[in-house]
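> need the 3D shape of this:
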Amino acid sequence: MSERFSKSVSCRCLLVLALFAGFLSMSQEITWITLLAYMTGGQPTVFADVLGFLLLGTAIGSLIAGLYLRSTQVNTLRYLFWLGLPVAALFLLVVPVASRLIVYTQVGARSLIYASVMIVAAFWGSSFPFICAAIETNERNAGWRVSCVYMANILGAVTGPLLTGLLLLDIMTLQQLVLWLAVGMTLFALLCLFMAYDRGERNGKMLGALLLVIPIALLSMLSGDETLERLHHKGNFLAGSQFKREVQSRYGIITVASGQTDILYGGGVYDGQFNVDPFLDTNGIRRAYMLASLHDRPQTVLMIGLGSGSWASVVASHREVSQLDVVEINPDYLALVKEYPYGSRLLADPKVNLMIDDGRRWLRRNADRRYDVIVMNTSFHWRNYMTYLLSEDFFKLCQRHLKEGGVLYFNTTFSKDVLYTVAGVYDHVTVFGNFAAASMSPFVMGRRERMK
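Residues are numbered from 1 along each chain as shown. This next block holds a predicted model:
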């Protein structure tokens, strides 16, 4: 038995503890990235920032554990119990606190979250050495038992992204996921309590743990109102400005706000409005009608991205269009589009084919498809992964899917770099607002052809 313990600790219990630690640590990393991606509107640095602070925290925790194990003979599972509870409380409170802080200072809110990432990671970084220190060993089985605990920790770390990323994010909101992961951390701490203390010592400590955790959980739930609204609007937040609709899944967070026409937000940034009226034109829908001036007979059209469905509805109503293929990566948009009259008509239109897939992947898988026009009302050029759609490589891929005289019509979001890139691929480029039309053939339609 380890010299640090006054009671025997089952190796099976330590395997469960290591498995639990791996699962929770990786699940929390996914939660941090989801939170910050929404809060920043999908800035490309989010993943690198979270990973950097997470690794730094893990290194600090491991260093502290090493120093601690050299300097004392105290039961290490007691350390995990007493430190695990406040860390769980920190993880539970960071979202509601950051959502209120961001209304006053964005830098302060992000600093709080990154500090929390590092502190929580430091706890998990120290947990594995402490769990290993609790193993009962002798010269013959030391390596075997440590290897089993190590394997259990790795299995938990693998299960975390799979279960949380593919299932829990689909059935829980971000706030609910934070709550349940905090509950998981509390259970982890309580398991350490049962393993580190005899029966007579547990009751008072468990009562103290519940007195700490329950008020914090209630405070977190009571302060959860308008969390997404605060994270989204930041300094422009007004009390009572709740979103009309919220859809959360592993694909991201989509919200709808009320306005002159309903406003769609995807991943924390503007993603269009539900409007097809060119005279009202709250969403720049006139750019969609401009398609008639770019190609005289756009019979087959590919649209990458559905969004509010407004653009797809306008394009499908063009009398020359006989086939409209729409590729959308996020199926949650369909549920929102169906709620609007033009959207339900669009989805029932026999000439509209809707595919749920990544646009780039779909084009590569369907190399034989050719179109008169490819339309992309893309999001802001500075967002994460946007180079997949605004790169020279992708423009060349689209070129291979255009018929002779075909046109690529897409949103540059006023990026001169994007215009420069597309001009290096296509012979002819013209601009309408923040949209660019590119083709290998000149745009020579006269007024009579455009009026047809």
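> please count neighbours and contacts with C-alpha atoms only from this point.
Will do.
> how about the helices in the stretch 251-400 of the chain?
286-289, 310-316, 332-337, 341-348, 359-365, 387-390, 392-400 (DSSP state H, counting those that start in this stretch).
> now, of those helices, which is deepest in the fold?
With neighbours taken as mean count of other Cα atoms under 10 Å, these reach their highest mean count in helix 310-316, at a mean of 24.
> what about Ser116, neighbour count?
Look at Ser116: counted by other Cα atoms under 10 Å, it has 20 neighbours.
> could you do Arg70 as well?
8.
> wait, doesn't Gly252 sit right on Tyr265?
No: with contact defined as Cα atoms under 8 Å, Gly252 does not reach Tyr265; the gap is 10.8 Å.
> who's more crowded, these two?
Tyr265 (22 against 18).
> so which elements touch the longest strand belonging to the chain?
In the chain, assigned by DSSP state E, the strand with the most residues is strand 402-411. Contact partners of strand 402-411 among helices and strands, from 3 or more Cα pairs under 8 Å, 6 or more residues apart in numbering; DSSP states H and E: strand 371-376, strand 435-439.
> quick one, the longest one and helix 392-400 angle?
On the basis of axes from the mean of the first three to the mean of the last three Cα atoms, to 10 degrees, strand 371-376 is oriented at 150 degrees to helix 392-400.
> distance from strand 371-376 to the middle of the chain?
With Cα atoms, centre = their mean, to the nearest Å as the basis, strand 371-376 stands 28 Å off its chain's centre.
> sorry, back to before: may I see the buried residues of the longest strand of the chain?
For strand 402-411, burial by neighbour count (16 or more other Cα atoms under 10 Å) applies to Leu402, Gly405, Gly406, Val407, Leu408, Tyr409, Phe410, Asn411.
> could you do stretch 270-286 as well?
Buried residues in stretch 270-286, counted by 16+ other Cα under 10 Å: Asp271, Gly272, Gln273, Phe274, Asn275, Val276, Thr282, Asn283, Gly284, Ile285, Arg286.
> how much space separates the residue nearest to the fifth one when sequence neighbours are not counted from Ala423?
Spatial nearest neighbour of Asn275, chain neighbours left out: Ser310 (5.8 Å); criterion: Cα to Cα, 6 or more residues apart in numbering. Using Cα to Cα, to the nearest Å, we find Ser310 at a distance of 28 Å from Ala423.
> what does Thr164 give?
Computed as Cα to Cα, the Thr164 to Ala423 distance reads 42 Å.
> between these two, which one's more packed in?
Higher neighbour count among Thr164 and Ala423: Thr164, with 23 against 18, using other Cα under 10 Å.
> I figured the residue nearest to Asn275 hits Phe274, correct?
Yes: Ser310 is within contact range of Phe274, at 6.0 Å (criterion: Cα under 8 Å).
> secondary structure class for Val444?
Following DSSP: H, G, I helix; E, B strand; the rest coil, we place Val444 in the coil state.
> can you get me a residue count around it?
Burial measure for Val444: 11 neighbouring residues, criterion other Cα under 10 Å.
> could you tell me the model confidence score at it?
The model reports Val444 with a pLDDT of 74.
> which residues touch it?
If a contact means Cα atoms under 8 Å, 6 or more residues apart in numbering, then Val444 has no contacts.
> what of Gly268?
Applying Cα under 8 Å, 6+ apart, the residues near Gly268 are Ala37, Tyr38, Met39, Thr40, Gly41, Gly42, His232, Ile253, Ile254.
> hmm, 7 Å instead?
Tyr38, Met39, Gly41, His232 (Cα atoms under 7 Å, 6 or more residues apart in numbering).
> how about the contacts made by the last one?
The one in question is His232. Met39, Gly268.
> then the second one?
Residues in contact with Met39 (Cα under 7 Å, 6+ apart) are Leu231, His232, Gly268.
> let's verify it: helix, strand, or coil?
Under three-state DSSP, Met39 comes out as helix.
> packing partners for whichever helix or strand Val107 is part of?
According to DSSP states H and E, Val107 maps onto helix 106-133. In terms of contacts (3 or more Cα pairs under 7 Å, 6 or more residues apart in numbering; DSSP states H and E), helix 106-133 is packed against helix 11-40, helix 46-71, helix 76-101.
> centre of the chain to that helix, how far?
Here the centre of helix 106-133 is set off from its chain's centre by 20 Å, with Cα atoms, centre = their mean.
> what's the answer for stretch 341-351, then?
29 Å.
> save the helices and strands packed on strand 402-411 as JSON lines, and put in mean neighbour count, mean pLDDT and distance to Ser62 too.
As requested, the helices and strands packed on strand 402-411 are arranged in JSON lines below (neighbours: other Cα atoms under 10 Å; pLDDT from 0 to 100; distance: least, Cα to Cα, whole Å):
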{"stretch": "strand 371-376", "mean neighbour count": "24", "mean pLDDT": "98", "distance to Ser62": "48"}
{"stretch": "strand 435-439", "mean neighbour count": "24", "mean pLDDT": "97", "distance to Ser62": "52"}
